[in-house]
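Novice: A structural model of the following input is requested.
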Amino acid sequence: MKLGLQLGYWGAQPPANAHELVTAAEKEGFDAVFAAESWGSDAFTPLAWWGSSTEQVRLGTSVVQISARTPTSCAMHALTLDHLSGGRHILGLGVSGPQVVEGWYGQPFSKPLARTREYVSVIRDVLARDTPVTNPGPHFPLPYTGPGATGLGKPLKPITHPLRADIPIWLGAEGPKNIALTAEIADGWLAIYYSPRLAPMYNEWLDEGFARPGARRTRDDFDIAATCQVVVTDDRAATIAGMKPVTALYVGGMGTPELNFHAQVYRRMGYGDVVDEVTELFRSGRKDEAAEAIPDEMITETMIVGDLGEVREGVRRWEDAGVTMLLVSCRDAEHVKQLAAAVLH
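Specialist: Now for the predicted structure:
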């Protein structure tokens, strides 16, 4: 099992101790450090800034939103960071949701699977640098010939030669069709709210993608990086209780009542009634009650909490389910060291 440090996206201000966390992660043998974005900080710049003081740890995005940049622009970011880091970049991509895509980026959210497939294809063509890049569309046509076009656009290939044509592309995916697509066209799956109990269901979706003609990977060389809070504690009950407000936010407050991808994941786990109750409470302003409505097992399904022995047993369970990396958040350097001792050493 590998560990990835999830720095996430910024709140109102940049995190004060990110450099300390990144330095500790490299020292303690973490495989990768990841940054994210929502509608504030971007994911690439923090990796370039904090990653410049590292030599071995990989630098990944988890995730960058495909509506934030054209695929050629995203490829430029990726090849630049890959050069600066000496070939340590992992490009993690995700579609986000309609509130962000249409409300922040001013782009249509429809056909997310088709957009993802086309987006990844263009990026791979840019990184291959075999010929000038063209794409018939319909989502990212190159050259552009639609309304307002001058007719002067010409196919191009990057001036800068990519350090690697095969920069790993991992996709954030939650639903069955998206996970199958990930297995077909990507090098890894960024899983959120992963549950080892449901591994047979995930494997069925993954196997569908692996079996498609032209699939890029097989299960043997495909990464599954799962977001998982790992907490070593002797007070398991209090720790679980402290995690419920955040889960209530994502289950009850993200997206819209009609379309919340995180809530759909928990419905597939069998918590449909809980999701309905939490959503109603959260959206009526009763956030404390929403957190209290979440049962303990809904937390422990997707996180590893307990004393050292329980944590190590949990890590083995996740590894047996097919997970190759745990994406963890850490408070400080001591927390990084603690998790490395529990999981890696």
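Novice: Any stretches of the stretch 201-345 of the chain with poor pLDDT?
Specialist: Scanning the stretch 201-345 of the chain for pLDDT under 70 picks out 255-257.
Novice: contacting residues for residue 162?
Specialist: Counting by CB atoms under 8 Å, 6 or more residues apart in numbering, residue 162 touches 79, 82-83, 126-127, 129. (C-beta placed from N, C-alpha, C; glycine too.)
Novice: can you give me the strands for the stretch 51-200 of the chain?
Specialist: Here the stretch 51-200 of the chain has its strands, by DSSP state E, counting those that start in this stretch, at 58-61, 64-65, 89-94, 169-172, 188-191.
Novice: Please apply the same query to the stretch 201-345 of the chain.
Specialist: With DSSP E, counting those that start in this stretch as the criterion, the stretch 201-345 of the chain has strands spanning 223-227, 230-232, 304-306, 325-328.
Novice: quick one, which of these is packed in tightest?
Specialist: strand 325-328 (a mean of 25; mean count of other CB atoms under 10 Å).
Novice: strand partners of that strand, parallel vs antiparallel please.
Specialist: Under the criterion DSSP bridges, strand 325-328 sits next to strand 2-6 (parallel), strand 223-227 (parallel) in its sheet.
Novice: would you put the C-alpha positions of the last one in CSV?
Specialist: In CSV, the C-alpha atoms belonging to strand 223-227 read as follows (Å, rounded to 0.1, in the frame of the first residue of the first chain):
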residue,chain,number,x,y,z
ASP,A,223,-3.8,2.3,-9.9
ILE,A,224,-6.7,2.7,-7.6
ALA,A,225,-6.1,5.7,-5.3
ALA,A,226,-8.8,6.0,-2.7
THR,A,227,-9.5,9.0,-0.5
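Novice: Tell me what angle that strand forms with strand 89-94.
Specialist: 60 degrees (axes from the mean of the first three to the mean of the last three CA atoms, to 10 degrees).
Novice: quick revisit: between the strands of the stretch 51-200 of the chain, which gets nearest to residue 330?
Specialist: strand 58-61 (15.7 Å; CB to CB).
Novice: In that closest one, which residues are buried?
Specialist: For strand 58-61, burial by neighbour count (16 or more other CB atoms under 10 Å) applies to 58-61.
Novice: so what's the residue most central in space within the chain up against?
Specialist: What sits nearest the mean C-alpha location of the chain, by CA atoms, centre = their mean, is residue 62, with 3.7 Å. Residues near residue 62 by CB under 8 Å, 6+ apart: 4, 6, 34-36, 43, 92, 170, 172, 190, 225, 227, 327.
Novice: how close does it sit to residue 192?
Specialist: 9 Å (CB to CB, to the nearest Å).
Novice: Would you mind giving the domain segments of the chain?
Specialist: Following automatic domain parsing, the chain resolves into domains at 2-230+306-344, 234-305.
Novice: Residue 18 against residue 53, yeah?
Specialist: No: using CB atoms under 8 Å, residue 18 is not in contact with residue 53, being 11.0 Å away.
Novice: can you give me the helices for this protein?
Specialist: Under the criterion DSSP state H, the chain contains helices at 18-27, 44-51, 71-84, 98-103, 112-128, 176-185, 199-210, 236-252, 261-269, 272-283, 287-292, 296-300, 308-320, 333-339.
Novice: Identify whichever of the ones you listed lies nearest to residue 138.
Specialist: Nearest of the helices of the chain to residue 138, taken as CB to CB: helix 112-128 at 8.1 Å.
Novice: now that closest one, how far from the chain's geometric center?
Specialist: Offset of helix 112-128 from its chain centre (CA atoms, centre = their mean, to the nearest Å): 17 Å.
Novice: wait, residue 101 sits on residue 107?
Specialist: Yes: between residue 101 and residue 107 there is a contact at 5.3 Å, judged by CB under 8 Å.
Novice: what residues are shared contacts of these two?
Specialist: Jointly contacting residue 101 and residue 107 under the rule CB under 8 Å, 6+ apart are residue 67.
Novice: neighbour-wise, which of those two wins?
Specialist: Neighbour count, other CB atoms under 10 Å: between residue 101 and residue 107, residue 101 has more, with 21 against 18.
Novice: For the more buried one, give its distance to residue 301.
Specialist: Distance from residue 101 to residue 301, by CB to CB: 29 Å.
Novice: With residue 105 instead?
Specialist: 32 Å.
Novice: my guess is residue 224 contacts residue 192, does it?
Specialist: No: Residue 224 is not in contact with residue 192 according to CB under 8 Å; the separation is 11.8 Å.
Novice: CA atoms of stretch 26-35 as CSV?
Specialist: Extracted C-alpha coordinates of stretch 26-35, given in CSV (Å, rounded to 0.1, in the frame of the first residue of the first chain):
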residue,chain,number,x,y,z
GLU,A,26,8.8,13.1,1.2
LYS,A,27,10.9,12.3,4.2
GLU,A,28,8.6,9.6,5.5
GLY,A,29,8.2,7.8,2.2
PHE,A,30,4.9,9.0,0.9
ASP,A,31,4.5,8.1,-2.8
ALA,A,32,2.8,11.3,-3.9
VAL,A,33,1.4,14.7,-2.9
PHE,A,34,-1.9,15.9,-4.4
ALA,A,35,-3.6,19.3,-4.7
